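Undergrad: Can you look at this prediction? I've put the sequence above it.
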Amino acid sequence: MELSASPQEQQTSNATRDVVVGMLFVGLLFFILGFVTWLNGSLIPFLKVVCKLTNFQALLVTFAFYIAYTVMALPSAAVLKRTGYKKGMTLGLGIMGIGALLFIPAAQSRHYELFLAGLFTLATGMTLMQTAINPYIVCLGPRESAAMRISIMGLFNKGAGIVVPLIFTSLMLKNIDTASEAVLAQRLVFPYACMAAALFVIMAFIHFSKLREIPPEADGADARVDATSVLQFPQLVLGAVALFAYVGVEVIAGDTIGLYGHELKVANFGVLTSYTMVCMVIGYLVGVVAIPRFMSQQRALVLSGLVGVLLTVGVTTGSTTDTALSQALLGWSGAPLVPDSVMFLALLGLANAMVWPAIWPLALQGLGRHTASGSAVLVMAIAGGALLPLLYGHLADIVTPRSAYWLLLPCYALILWYAASGHKIRRWR
């Protein structure tokens, strides 16, 4: 005789199913975010050639893209309070589709300003999505395993980052040294038209899906009921500063490696972003397995900061001609070998992988009803991806691209401090 499940077992089964379904839907959105974000790493050297730009001008791509997160984060939080998470996600996808369409007149006219406007619009839609999906995935299950869930989302995000440079290189960078700027620019029209169409289709898919809504978080036992503003939470504010530094170093590692490889005459420099993304995927896999079973979120963040400091020294002091490191790591795979300094830069993906997943739950801990607003503050910190790469580009123009990577050192030191003690501060003195 078959025994029927008890109400408690049925409830647990339904809750588990909701978490899995929610993660699959959000995983799709993280893949889209990664696809659009890590396209910049290949787009920067491409537009530098097409529009005849300096390093500083080329890195305005990252500025236009990431500054939208600062400008639009609080408006996005206000929108989400009215729409909820699910409708906010669909609206974000629609705005991203409009941004992709702007690339068509930009490519036809080769006006750099139009490219930047398209990037800003794309990032505006992504800001709305980021403000929704990060707290959504944190609140979707137990808080102590939030970093593990975000790590799984990172696999979708950085998996897209591996694929995108390979696709872009095969479609866009062929004969880049011999084709005219006008011909190169026209190559962007069809891919971005396809991207816009795909975004609108996925928007409709999410809209009609059964993705469950998560209600606003209430004050828990660890919440400060006397707080009237998110700025009264040091763990949040300091977490935002650490995220600012982290996004800056992540974007520098992923988006400037192509420029650096081009400077060192590395063949197939357009695919180098994939090297960084592969390292990040490996780091995320370690996080999925290790957190919280073998390592806490806080210890993972400490380790990330330490590894970041060591690898930065490797980037700035490693050989620009010897390929021994990539031979040791990639010789079995048949992948193109790169100088040691470039390989150290790619390996920063390992250091970066667990920073975002670990900071979010630590920074949002104890915020209670202020969680949504706190999420907007953390999303605003993505501006680090706008400002720090621009500073790197300026330093690269006035010194050397390799020397400019010393900028990463204080950023990783700040992340290390937040991991060790900054996240524990609960009141301003």
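TA: Done, it's in.
Undergrad: Now Val251: closest residue in space that isn't a chain neighbour?
TA: Distances taken as CB to CB, 6 or more residues apart in numbering put Gly385 closest to Val251, at 4.0 Å, once the chain neighbours are dropped. Bear in mind the C-beta positions are built from the backbone N, C-alpha and C, glycine included.
Undergrad: what about the residue found closest to Thr127 once you drop the neighbours it is linked to in the chain, neighbour count?
TA: Excluding its sequence neighbours, the residue lying closest to Thr127 (CB to CB, 6+ apart) is Met72, at 4.3 Å. The number of residues packed near Met72 is 24, by other CB atoms under 10 Å.
Undergrad: Work out the gap between the helix or strand harbouring Met72 and the centre of the chain.
TA: Using DSSP states H and E, Met72 maps to helix 60-109. Relative to the centre of its chain, helix 60-109 is centred 15 Å away, using CA atoms, centre = their mean, to the nearest Å.
Undergrad: returning to what we had before: for the host helix or strand of the residue nearest to Val251, which positions count as buried?
TA: Per DSSP H and E: Gly385 is located in helix 384-398. The neighbour-count check on helix 384-398 (16 or more other CB atoms under 10 Å) flags Gly384, Gly385, Ala386, Leu387, Leu388, Pro389, Leu390, Tyr392, Gly393, His394, Leu395, Ala396 as buried.
Undergrad: buried ones in the following helix or strand past that helix?
TA: Where DSSP H and E defines the elements, the next helix or strand beyond helix 384-398 is helix 408-420. Counting neighbours by 16+ other CB under 10 Å, one finds that the buried residues in helix 408-420 are Leu408, Leu409, Cys411, Tyr412, Ala413, Leu414, Ile415, Leu416, Trp417, Tyr418, Ala419.
Undergrad: Report the backbone C-alpha coordinates of helix 408-420 in CSV.
TA: What follows is helix 408-420, C-alpha atoms only, in CSV (Å, rounded to 0.1, in the frame of the first residue of the first chain):
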residue,chain,number,x,y,z
LEU,A,408,44.1,47.0,-8.3
LEU,A,409,46.2,46.6,-5.2
PRO,A,410,44.3,49.0,-2.8
CYS,A,411,41.0,47.7,-4.2
TYR,A,412,41.8,44.2,-3.1
ALA,A,413,43.2,45.4,0.2
LEU,A,414,39.8,47.1,0.9
ILE,A,415,37.9,44.0,0.1
LEU,A,416,40.2,42.0,2.4
TRP,A,417,39.5,44.5,5.2
TYR,A,418,35.7,44.3,4.8
ALA,A,419,35.9,40.5,4.8
ALA,A,420,38.0,40.5,8.0
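Undergrad: Tell me what angle that helix forms with helix 384-398.
TA: Relative orientation of helix 408-420 and helix 384-398, computed by axes from the mean of the first three to the mean of the last three CA atoms, to 10 degrees: 150 degrees.
Undergrad: Show me what helix 408-420 is in contact with.
TA: Residues outside helix 408-420 that contact it (CB atoms under 8 Å, 6 or more residues apart in numbering) are 238-239, 241-242, 245-246, 248-249, 252-253, 298, 301-302, 304-306, 308-309, 312-313, 315, 348, 351, 355, 358-359, 388.
Undergrad: which residues touch the strand or helix carrying Leu43?
TA: Per DSSP H and E, Leu43 falls inside helix 40-50. By CB under 8 Å, 6+ apart, the residues outside helix 40-50 that reach it are 53, 55, 57-59, 61-62, 65, 110, 112, 115, 119, 161, 164-165, 168-169, 172-173, 176, 181, 184-185, 251, 254-259, 262, 269-270, 272-273, 276.
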